[in-house]
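[1] this one's structure only:
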């Protein structure tokens with residue numbers, strides 16, 4: 001597994017990921033370790049060159065083959081991304097999200113909801129530079 005973050009303009013970041021065939025304990029540990037090293041809050045598999053549908057978030061959750069259902073109010077949230085260094089974007093996000101994956105079924109609200117939606121977008125090849133507006137110019 002690569003410990004280098006894939007950054008724009010790498011086409012893998014704009015590609016829809018395949019179903020996840022399973023995540024080894026070592027792979028999950030390495031992703032959480034990398035996330036901590038980079039002071040990130042979420043890391044999706046395509047960001048490290050693995051084109052499968054899974055991601056981790058800093059509060060300790062791993063989601064494999066997730067499906068989300070957003071709920072609540074849609075608001076603009078300022079976000080940044082490890083794959084788009086040194087830029088921030090205003091992105092429309094829902095205040096809550098229900099997520100079902102191979103391992104769990106949970107609801108998140110507020111900050112963690114935004115993180116889940118952001119990482120989920122990575123699995124569909126959607127980045128904040130397309131979904132949002134550059135915050136430094138708006």
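    The structure has been received and is ready for your questions. What you see is a predicted model; the values in this text were computed from it and never measured. Numbers count the residues shown, from 1 in each chain.

[2] So what's the residue count around residue 97?
    Other residues near residue 97 number 23, with proximity taken as other CB atoms under 10 Å. In this view, the C-beta of every residue, glycine as well, is placed from N, C-alpha and C.

[3] can you pull the buried residues of the lengthiest strand in the chain?
    The longest strand of the chain (DSSP state E) is strand 84-100. Of the residues in strand 84-100, those buried by neighbour count under the rule 16 or more other CB atoms under 10 Å are 84, 89, 90, 91, 93, 94, 95, 96, 97, 99.

[4] ok, now how distant is the first one from residue 128?
    Summarising the geometry, the distance separating residue 84 from residue 128, computed by CB to CB, to the nearest Å, is 7 Å.

[5] Determine which two of the buried residues of strand 84-100 are furthest apart.
    Among the buried residues of strand 84-100, the pair separated by the greatest distance (CB to CB) is 84 and 96, at 25.2 Å.

[6] Report the contact partners of residue 36.
    Neighbour list for residue 36: residue 58 [criterion: CB atoms under 8 Å, 6 or more residues apart in numbering].

[7] Measure how far the one helix or strand it maps to is from the centre of its chain, please.
    When elements are defined using DSSP states H and E, residue 36 is found to belong to helix 25-37. On the basis of CA atoms, centre = their mean, to the nearest Å, helix 25-37 is displaced by 14 Å from the centre of the chain it belongs to.

[8] Following the chain past it, name the next helix or strand.
    Going C-terminal from helix 25-37, and assigning secondary structure by DSSP H and E, you next hit strand 42-44.

[9] all strands of this protein, in order?
    Shown for the chain, the strands assigned by DSSP E span residues 42-44, 54-57, 61-64, 67-81, 84-100, 105-109, 133-134.

[10] For the fifth one, which strands pair with it and how are they oriented?
    According to DSSP bridges, strand 84-100 forms sheet pairs with strand 67-81 (antiparallel), strand 105-109 (antiparallel), strand 133-134 (antiparallel).
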